[in-house]
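> Generate coordinates for the sequence data below:
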Amino acid sequence: MIRRISFTRRADGVGYEDFQRHWRGPHAELARLLPDLRSYVQNHAVLGPDGPLLPYPGFDVCVELQYDSREDMEASLASPEYRGAAVADQAGFTDMSHLMSMLVDSPGLAPDSSGPEAIKHMTFIRRTAAVEPARFTDALLGPYTDAIAEVAQSDRELLLPSPPRTGHPPPAFDAVDIVWFADAEAAVAFTTSVAAQRARWELGGLAAGVERLIARGLRII
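Residues are numbered from 1 along each chain as shown. Sure thing, here's the model as predicted:
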């Protein structure tokens, strides 16, 4: 199976709440019509009085689409159902000129959250260009994961991008680390926890930078 994670920002002038309302409502209904789509998950930023709980990551859309194969994915995204109504609707509430994405090979469907109110703490990591991918991956799967395991031994998913095909753009991120928590307060606390700081220390000099998002996952399909 293949999972496509896409990111972009909301359209200029569209507020956070209006954006999320339209995304989970009318736009989600259009996504249900896409052929061969096995799973569709929207990750909505948990909002405080002034926007997302953590500093703005540079995007508002963080969506996961999953298919049985790349061929199914490419055919679905070239279908009239997507190219017609879905694309037209996107133009009204998102800025698609800032679209970026990554593909992840997956042995099965994306896991559901650990409960209906569970919160995702999502860390998006970019590798330093001078660092060999193998060294970066070894750090992620080894000491970085060991540090995170002090907090999340089971409710966690580490996503690594599939190798890009010739002529295709590089992935938006070199890793996405997802840790589930029972509530937003616990997710915020994790951001500055000893375990999280130790994990970031393990990537010192290997990661060019990270973005973070505390989100509520909404499974549409």
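> what about residue 135, which SS state?
Using DSSP: H, G, I helix; E, B strand; the rest coil, the structure places residue 135 in helix.
> wait, residue 221 sits on residue 29?
No: counting by Cβ atoms under 8 Å, residue 221 stays clear of residue 29, with 11.1 Å between them. For every residue, glycine as well, the C-beta is placed using N, CA and C.
> Show me the strands in this protein, by range?
For the chain, the strands defined by DSSP state E occupy 2-10, 39-45, 47-48, 51-52, 61-67, 94-105, 119-127, 156-159, 175-181, 207-219.
> want to throw those strands into a markdown table with mean pLDDT and mean neighbour count?
Below are the strands of the chain laid out as a markdown table (pLDDT from 0 to 100; neighbours: other Cβ atoms under 10 Å):
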| stretch | mean pLDDT | mean neighbour count |
| --- | --- | --- |
| strand 2-10 | 97 | 20 |
| strand 39-45 | 96 | 20 |
| strand 47-48 | 95 | 14 |
| strand 51-52 | 95 | 16 |
| strand 61-67 | 97 | 22 |
| strand 94-105 | 95 | 16 |
| strand 119-127 | 97 | 23 |
| strand 156-159 | 93 | 17 |
| strand 175-181 | 95 | 22 |
| strand 207-219 | 95 | 18 |
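> now those in JSON lines, with distance to residue 87?
Output for those, formatted as JSON lines (distance: least, Cβ to Cβ, whole Å):
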{"stretch": "strand 2-10", "distance to residue 87": "13"}
{"stretch": "strand 39-45", "distance to residue 87": "16"}
{"stretch": "strand 47-48", "distance to residue 87": "27"}
{"stretch": "strand 51-52", "distance to residue 87": "26"}
{"stretch": "strand 61-67", "distance to residue 87": "14"}
{"stretch": "strand 94-105", "distance to residue 87": "8"}
{"stretch": "strand 119-127", "distance to residue 87": "25"}
{"stretch": "strand 156-159", "distance to residue 87": "26"}
{"stretch": "strand 175-181", "distance to residue 87": "25"}
{"stretch": "strand 207-219", "distance to residue 87": "21"}
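> For residue 168, find the nearest of the ones you listed.
The closest of those to residue 168 is strand 94-105. By Cβ to Cβ, the value is 8.9 Å.
> Pick out the residue nearest the middle of this structure.
residue 62 (4.9 Å; Cα atoms, centre = their mean).
> Any idea what that residue is bridged to?
Residue 62 forms beta bridges with residue 7, as assigned by DSSP bridges.
> Over to the one 4 residues further on?
Here residue 66 sits in beta bridges with residue 3, residue 39, as judged by DSSP bridges.
> Go ahead and confirm it touches residue 38.
Yes: in this structure, residue 66 is within contact of residue 38 by Cβ under 8 Å, at 4.9 Å.
> Overlap of the contact sets of these two?
1, 109 (Cβ atoms under 8 Å, 6 or more residues apart in numbering).
> distance of the residue of the chain positioned farthest from its centre from residue 30?
No residue in the chain sits farther from the centre than residue 80, which is 25.5 Å out by Cα atoms, centre = their mean. Residue 80 sits 12 Å away from residue 30, going by Cβ to Cβ, to the nearest Å.
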